[in-house]
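> take this sequence and fold it.
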Amino acid sequence: MHINEKCGPNPANAARIRNFCCLVKNCGFFDLGFSGPAYTWTNKRFTTNPTFQRLDRCLANAEWCTIFPRSSVFHLPMIYSDHAPILAMLDSSTHKPKKPFHFENWWLMEDDFPPTAMQSWCSSNSKPFHKRTKILARDLKVWSKKKKPINSQLAAIENQLLDQQNLPLQQQNYSLQGLLHHNHQALLTKDAEYHRQRVKKLWATAGDRNTNFFQQAIMKRARKNKINFIQDQHGNSIATPDDIADIFIAYFQNLFATQLTHTAMETNTHHQVTIEDDFSTSTPDEQEILGLIKEMKRDASPGPDGLNVAFYRVAWPWIKDDVTALIKDFYNTGNLHHELNSTCIVLIPKKTNSVVPRDFRPISLCNVIYKIIAKSLAQRIKDHLPDYIHASQNAFIKGRRITSNIILAQEIFHSF
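Numbering: from 1, shown residues only. Next up is the predicted model:
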């Protein structure tokens, strides 16, 4: 299905790959991925023109993945046959670990969301900001559990429509059918928003509502990011979640723990930061903070508090005073509570078939408050950076390119 799934003297046939990919797509299937060797077939001509290909794979549709959400595919070693056996381990268990609170964008379409959220926030106005976000998250979780699942509501409306349309024409209530159609449309919009928030496709605009596509994209993304097992430093395969976590923690602690070093650098030309620079003394006002929030991606993954940018935009009329006061306090004191300063770290695979810790890239998910502070600081120091960064360092300054020195070095090298 990809050019890089073949290794040998003859390149893969791009036309055949396109045709096969179209067939798989038209059938509603997608590749389940794998763990193990990259190729499943060889011509066994190891001394002359060896060829390796991934010819064998497991395909499934969205319904199958819903039944077996924790299934895993493994490529076993080729021994006697020229094909590698494929092992699909099916686990129909739907038990999932407890997930932290995440704000759902479709909640914004509920009529009772604004009063519920506002009442929860205002009822805790005597508490610090980080505790108020926890109280709000708790109240929203309780409120959301009272909502029936969107799929159940859709099924109920469709049954009502079917009951109406089974009646003789003169007995059908057409005004009721119109109302049911309207409610069904509203539920479909909520369902599309639910899937759009998870699919992480920037081109999924508000006009798209192909939830079947979204479901498949979400499943592909989840399977790609799933860690079935990991290899430790001795090459042993570890599959239990706690042991996998210990291996990653040990790896990144060792990677980022550096010893203090002293370098002999000229310090007589550095620029002393003074109060006249005035890039840390001016505090952001309400309009600046709102502008920063509007610049952020609405559906970006939230930090540990679970509140995303979409929430801050809608709730701004009744949280703006608290947010502004918090950020001004940070500029005046330089202190930010550790819960607001904390981050969630997620591991993104750098390549297909990632099996060792170095194959994963750690990404930090910060709270929106942290992002606002970071962006406001960045805007204040960007005009002063040329005073602190030498002209020969072509980075960090708008208009400079980090490749300039590389090109200059190449020109000097080729001129001799």
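> run a quick neighbour tally on His337.
14 (other C-beta atoms under 10 Å). C-beta here means a position set from N, CA and C on the backbone, and glycine is covered the same way.
> below-threshold pLDDT in the stretch 51-200 of the chain: ranges please.
92-97, 200 (pLDDT under 70).
> could you check how far Leu169 is from Asp163?
Separation of Leu169 from Asp163 (C-beta to C-beta, to the nearest Å) stands at 14 Å.
> what about Asn43, how many neighbours?
13.
> list the contacts of the residue most central in space within the chain.
Nearest to the geometric centre of the chain sits Ser301, at 5.7 Å (C-alpha atoms, centre = their mean). Contacts for Ser301 (C-beta atoms under 8 Å, 6 or more residues apart in numbering) come out as Asn308, Val346, Leu365.
> number of nearby residues for the last one?
Close neighbours of Leu365, defined as other C-beta under 10 Å, add up to 14.
> that one should be in a strand, yeah?
Yes: looking at Leu365 with DSSP: H, G, I helix; E, B strand; the rest coil, it is inside a strand.
> tell me the domain ranges of the protein?
3-89, 105-224, 230-410 (automatic domain parsing).
> which of the ones you listed sits closest to Lys98?
domain 105-224 (11.5 Å; C-beta to C-beta).
> which one of Leu169 and Asp163 has more residues nearby?
Comparing Leu169 with Asp163 by other C-beta under 10 Å, the one with more neighbours is Asp163, at 10 against 7.
> secondary structure class for that one?
Per three-state DSSP, Asp163 ends up helix.
> how close does it get to Cys22?
41 Å.
> now Met1
Distance from Met1 to Cys22, counting by C-beta to C-beta: 11 Å.
> the two: which has the busier surroundings?
The residue with more neighbours, out of Met1 and Cys22, is Met1; 14 against 10, by other C-beta under 10 Å.
> residues in contact with that one?
With C-beta under 8 Å, 6+ apart, Met1 has these contacts: Ile17, Phe20, Cys21, Val24, Asp31, Arg57.
> one more: Trp41?
By C-beta under 8 Å, 6+ apart, the neighbours of Trp41 are Phe52, Gln53, Arg54, Leu55, Asp56, Asp82, His83, Ala84.
> ChimeraX command to pick out the buried ones of those residues?
Here is the ChimeraX command that selects the buried residues among these (16 or more other C-beta atoms under 10 Å):
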select :52,53,54,84
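> tell me what the helix or strand containing Gln287 is packed against?
Secondary structure assignment for Gln287, by DSSP states H and E: helix 286-295. Applying 3 or more C-beta pairs under 8 Å, 6 or more residues apart in numbering; DSSP states H and E, one finds that helix 286-295 makes contact with helix 309-333, helix 368-381.
> can you map out the helices along the stretch 201-350 of the chain?
Here the stretch 201-350 of the chain has its helices, by DSSP state H, counting those that start in this stretch, at 211-225, 241-256, 286-295, 309-333, 338-341.
> turn those helices into JSON lines, including distance to Glu411, mean pLDDT and mean neighbour count.
Output for the helices of the stretch 201-350 of the chain, formatted as JSON lines (distance: least, C-beta to C-beta, whole Å; pLDDT from 0 to 100; neighbours: other C-beta atoms under 10 Å):
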{"stretch": "helix 211-225", "distance to Glu411": "42", "mean pLDDT": "66", "mean neighbour count": "16"}
{"stretch": "helix 241-256", "distance to Glu411": "36", "mean pLDDT": "86", "mean neighbour count": "12"}
{"stretch": "helix 286-295", "distance to Glu411": "38", "mean pLDDT": "94", "mean neighbour count": "16"}
{"stretch": "helix 309-333", "distance to Glu411": "45", "mean pLDDT": "94", "mean neighbour count": "17"}
{"stretch": "helix 338-341", "distance to Glu411": "45", "mean pLDDT": "92", "mean neighbour count": "16"}
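> the ones you listed: which one's closest to Trp143?
Once these are compared by C-beta to C-beta, helix 309-333 is nearest, at 13.6 Å.
> just say helix, strand or coil for the residue of the chain most remote from its centre.
No residue in the chain sits farther from the centre than Gln170, which is 52.7 Å out by C-alpha atoms, centre = their mean. Following three-state DSSP, Gln170 is assigned to helix.
> ok, and for stretch 405-416, which residues are buried?
Buried, per 16+ other C-beta under 10 Å, within stretch 405-416: nothing.
> which residues touch it?
For stretch 405-416, the external contacting residues (C-beta under 8 Å, 6+ apart) are Ser392, Asn394.
> could you export that stretch as CSV, CA atoms only?
Extracted in CSV, the C-alpha atoms of stretch 405-416 (Å, rounded to 0.1, in the frame of the first residue of the first chain):
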residue,chain,number,x,y,z
ASN,A,405,25.3,30.6,8.1
ILE,A,406,25.2,27.1,6.5
ILE,A,407,24.9,28.6,3.1
LEU,A,408,27.7,31.1,3.9
ALA,A,409,30.0,28.3,5.0
GLN,A,410,29.2,26.3,1.8
GLU,A,411,30.0,29.3,-0.3
ILE,A,412,33.4,29.9,1.5
PHE,A,413,34.2,26.2,1.2
HIS,A,414,33.5,26.1,-2.5
SER,A,415,35.4,29.3,-3.2
PHE,A,416,38.7,27.6,-2.3
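> quick one: distance of that stretch to the chain centre.
41 Å (C-alpha atoms, centre = their mean, to the nearest Å).
> again with stretch 7-15
34 Å.
> contact partners of it?
Residues outside stretch 7-15 that contact it (C-beta under 8 Å, 6+ apart): Ile3, Glu5, Lys6, Tyr39, Asn43, Asn49, Pro50, Thr51, Phe52, Gln53.
> could you flag which of those residues are buried?
If we count by 16+ other C-beta under 10 Å, the contacts of stretch 7-15 have these buried: Glu5, Lys6, Tyr39, Phe52, Gln53.
> give me phi/psi at the closest residue to the second one other than its chain neighbours?
Closest residue in space to Lys6, ignoring its immediate chain neighbours: Ala12 at 4.2 Å, by C-beta to C-beta, 6 or more residues apart in numbering. Ala12 adopts backbone torsions of phi -70, psi 150, taken as degrees, to the nearest 10.
> can you check the one 5 residues further on too?
Note on Ile17: its backbone torsions stand at phi -60, psi -40 [degrees, to the nearest 10].
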